[in-house]
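Engineer: The sequence isn't on hand, but the structure is:
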């Protein structure tokens, strides 16, 4: 990419960020969702001060990470549906995994981390969010509230995991009032889990809110918001 094109890209992203930044409190982490965006777009956002980036496909993310190795202080967040056969790569490549959606996946992550520790591979352990559906949604993965409550004692015994919060996504087509209620219920659920003082489980983080609804998520207590289109514009085909 030539310098003129790079400058134009930085200018476009800067223009969008100018309207976003005042709406996000200092204690809320802005994760720029860079899936299907180019490495140069990430470089432009990085030049404007962003350090947290979210990807949803392992192979796409690895390619970008290799192209951006010189930007060593990026924090990478995995936000997509994580298949068990990709779990090892996710553990190697990401600082955060927001989409731990089942007890089966959590057990697999714990097993892999245990094996790495036994082999003397003491790389940093990613922080995890448990994906929960506050209302039924056949189009998304995650625990429903009852199943999560039943699985928490088992999750607490997965000693290699660093569970640090919840992630939730409202179903499509909800009103603002309904979305706010979903986010508020997630905050209440996190508070209830924290009060139970499970070992190895913290509820310090609430990952919720995207381009269309992040102000509602912040209102309800989000600590991390995941914003893509509003920062980068439309994704590449």
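Structural biologist: Looks like it came in fine. Since the model is a prediction, treat every value here as computed from it, not as a measurement.
Engineer: those strands in this protein, which residues are they?
Structural biologist: Chain-ordered strands for the chain, with DSSP state E as the definition, fall at 29-33, 52-55, 75-78, 96-100, 127-133, 143-144, 162-167, 201-207, 224-227.
Engineer: quick one: contacts of the worst-scoring helix or strand of the chain on mean pLDDT?
Structural biologist: Of all regular secondary-structure elements in the chain, judged by mean pLDDT, DSSP states H and E, the least confident is helix 3-20 with a mean of 92. With contact meaning C-beta atoms under 8 Å, 6 or more residues apart in numbering, helix 3-20 is reached by 1, 30, 40-41, 43-45, 47-48, 50, 227, 230-233. All C-beta spots, glycine's among them, are computed from the backbone N, C-alpha and C.
Engineer: one step back: deepest of the strands of the chain, which one?
Structural biologist: The highest mean neighbour count among the strands of the chain belongs to strand 96-100 (a mean of 26), with neighbours defined as mean count of other C-beta atoms under 10 Å.
Engineer: helices or strands up against that strand?
Structural biologist: The elements that strand 96-100 packs onto, with contact taken as 3 or more C-beta pairs under 8 Å, 6 or more residues apart in numbering; DSSP states H and E, are strand 75-78, helix 103-118, strand 127-133, strand 162-167.
Engineer: out of the ones you listed, nearest to residue 153?
Structural biologist: Evaluated over the helices and strands packed on strand 96-100, closeness to residue 153 peaks at helix 103-118, with 10.8 Å, by C-beta to C-beta.
Engineer: before we move on, back to that, tell me which of the strands of the chain sits nearest to residue 116.
Structural biologist: When the strands of the chain are compared for distance to residue 116 using C-beta to C-beta, the nearest one is strand 162-167, at 13.5 Å.
Engineer: That concludes my questions; thank you for your assistance.
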